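Colleague: For reference, the sequence and a predicted model appear below.
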Amino acid sequence: MNVAVIGGGVIGLSVANALADRGNRITIFSPQPIDQITSSVAAAFWAPYWIGDYDRELAIQTLVRLQQLAGEGTDGVTVVDFEEWMTTDFVESFDEHVETTHWWRGLPGINFCRESMPERKSIWLNGDEIEFPERLRFQSVVARMPDYLAWLQQRALASGQVELRRSWVDSFDDLCTQFDTVIHCSGWGAKTLAASDPLTASMRLLAGHVVLLDAPDVKNAVLFHGKPFDAQPIYVVPRQGSVRDVLCGGTAIEVHDLPDIRQPITFQKESVCDAVIERAFAAVPSLKQATEVGRGVGFRPVRDSVRIERDQIFQNLIHCYGHGGSGLTLSWGSAAKVVSLIESA
């Protein structure tokens, strides 16, 4: 088949690879370089995060594939130990909601455990002392996205089945005429490209800000959960690839005024990143000795549910967007579902 894939982020590139592996001819429409797309600034560790309803099988399939890639030494893909610190209020609700928030704890390779802390860890944040009576420990796959996206792109092009076009897509009409199938993977760009589609209305954009540090002594990823972190999450994720760095986040700021998709995202970048790194320093004081090497902001496309389905008007158009903050977590499973939709037809 002759297939068009709109979007060159982690979803679009995963879909393109999966289709090329089955002998299809793929044209990827991705006008922006890798370092300007949301996927490139994602913390990008496997764990369902900032997401609506989704098929858990998408996450499971992706975990298996990412674990395989990490074992093969794929660029930017590594297994990292995580510590997830829980405030008292989070501990109280953990057992009630664990089957929703941490349903994945028993999956192979996760090595999940829960620990009570004899001496409570505490941090000072905004003048308040926050205590953590318990923590979770697990292993997950982390992708340093600039490296991993470049690997995905190069893998697709090396197949000889894929062409990359640096051009914008303003409507589905022409592509649906020119190609046997069109896969729409534009992420938050769907708010513009599919603006007339009522099924896009539920999607909202949550801005995520990150600061990158050169901190080679940081080996474990650290997350913090509880009410103080609902609106201002703190996560510290070490990454390996072409360079070693540590990604510190983050934010979840709802964006009400739709920006120009053709321009790099600069939404409140400097002022908010200043606050992000201050919180990271409070949570992990050793980071104060690190050198800052970069800042970034991206828009998570959060929807009531992940949308992977055929369009109601164009029968050869398949939508694959709305993955929230879980693009990496659902990437290969989403690609497999797109393949299944095409082959079932």
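Modeller: It's in.
Colleague: can you give me the helices for the stretch 201-345 of the chain?
Modeller: For the stretch 201-345 of the chain, the helices defined by DSSP state H, counting those that start in this stretch occupy 269-283, 327-344.
Colleague: can you give me the strands in this protein?
Modeller: In the chain, the strands defined using DSSP state E lie at 2-6, 25-29, 77-86, 113-125, 128-143, 162-165, 181-184, 204-214, 221-225, 235-239, 245-249, 253-255, 291-310, 317-323.
Colleague: now these as JSON lines including mean neighbour count?
Modeller: Any C-beta I mention is one placed from the backbone N, CA and C, and that applies to glycine too. Below are those laid out as JSON lines (neighbours: other CB atoms under 10 Å):
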{"stretch": "strand 2-6", "mean neighbour count": "24"}
{"stretch": "strand 25-29", "mean neighbour count": "21"}
{"stretch": "strand 77-86", "mean neighbour count": "20"}
{"stretch": "strand 113-125", "mean neighbour count": "12"}
{"stretch": "strand 128-143", "mean neighbour count": "19"}
{"stretch": "strand 162-165", "mean neighbour count": "16"}
{"stretch": "strand 181-184", "mean neighbour count": "26"}
{"stretch": "strand 204-214", "mean neighbour count": "21"}
{"stretch": "strand 221-225", "mean neighbour count": "23"}
{"stretch": "strand 235-239", "mean neighbour count": "24"}
{"stretch": "strand 245-249", "mean neighbour count": "26"}
{"stretch": "strand 253-255", "mean neighbour count": "15"}
{"stretch": "strand 291-310", "mean neighbour count": "20"}
{"stretch": "strand 317-323", "mean neighbour count": "26"}
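Colleague: Which of those comes out lowest on mean pLDDT?
Modeller: Comparing mean pLDDT across the strands of the chain, the weakest is strand 113-125, with a mean of 90.
Colleague: Mind listing the strands it pairs with, and their directions?
Modeller: strand 128-143 (antiparallel) (DSSP bridges).
Colleague: any idea of the angle the strand it pairs with forms with strand 235-239?
Modeller: 30 degrees (axes from the mean of the first three to the mean of the last three CA atoms, to 10 degrees).
Colleague: hang on, the earlier thing: now the strands of the chain as TSV including distance to A18?
Modeller: Formatted as TSV, the strands of the chain follow (distance: least, CB to CB, whole Å):
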stretch	distance to A18
strand 2-6	10
strand 25-29	10
strand 77-86	17
strand 113-125	34
strand 128-143	17
strand 162-165	11
strand 181-184	10
strand 204-214	26
strand 221-225	28
strand 235-239	25
strand 245-249	27
strand 253-255	30
strand 291-310	13
strand 317-323	11
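Colleague: To K337, which of those lies closest?
Modeller: Of all these, it is strand 291-310 that lies closest to K337, at 5.1 Å by CB to CB.
Colleague: Which strands and helices lie in contact with that closest one?
Modeller: Counting contacts by 3 or more CB pairs under 8 Å, 6 or more residues apart in numbering; DSSP states H and E, strand 291-310 is packed against strand 204-214, helix 269-283, strand 317-323, helix 327-344.
Colleague: Mind checking the ones you listed for the one nearest to F179?
Modeller: strand 317-323 (9.5 Å).
Colleague: Now the terminal residues of stretch 171-188, how far apart.
Modeller: With CA to CA, to the nearest Å as the measure, stretch 171-188 spans 15 Å from end to end.
Colleague: coming back round to it: looking at the strands of the chain, which is nearest to I265?
Modeller: Nearest to I265, of all the strands of the chain, is strand 291-310, at 5.3 Å by CB to CB.
Colleague: Ends of stretch 280-294, what's the gap?
Modeller: Note: stretch 280-294 ends 15 Å apart using CA to CA.
Colleague: on that earlier part again, could you redo the helices and strands packed on strand 291-310 as JSON lines and give each row distance to W50?
Modeller: As requested, these are exported to JSON lines (distance: least, CB to CB, whole Å):
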{"stretch": "strand 204-214", "distance to W50": "6"}
{"stretch": "helix 269-283", "distance to W50": "16"}
{"stretch": "strand 317-323", "distance to W50": "9"}
{"stretch": "helix 327-344", "distance to W50": "10"}
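Colleague: can you tell which of the ones you listed is closest to H184?
Modeller: That would be, of these and by CB to CB, strand 317-323, which comes in at 4.8 Å.
Colleague: CA atoms only for the closest one, dumped as CSV, please.
Modeller: Extracted in CSV, the C-alpha atoms of strand 317-323 (Å, rounded to 0.1, in the frame of the first residue of the first chain):
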residue,chain,number,x,y,z
LEU,A,317,-8.1,8.1,7.0
ILE,A,318,-7.1,6.7,10.4
HIS,A,319,-6.6,9.0,13.4
CYS,A,320,-3.9,8.1,15.9
TYR,A,321,-3.5,10.9,18.4
GLY,A,322,-4.5,12.1,21.9
HIS,A,323,-1.8,10.1,23.8
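Colleague: And for the residue nearest to Y321 when sequence neighbours are not counted, the neighbour number?
Modeller: In this structure, Y321 finds its nearest non-sequential neighbour in A190, 4.8 Å apart by CB to CB, 6 or more residues apart in numbering. Here the count is done by other CB atoms under 10 Å, and A190 has 25 residues near it.
Colleague: ditto for V98
Modeller: Residues near V98, counting by other CB under 10 Å: 13.
Colleague: Report the contact partners of it.
Modeller: The neighbours of V98, taking CB atoms under 8 Å, 6 or more residues apart in numbering as the test, are R105.
Colleague: Look at the nearest residue to Q139 once chain neighbours are set aside and report its pLDDT.
Modeller: In this structure, Q139 finds its nearest non-sequential neighbour in N111, 4.9 Å apart by CB to CB, 6+ apart. On the pLDDT scale, N111 is placed at 98.
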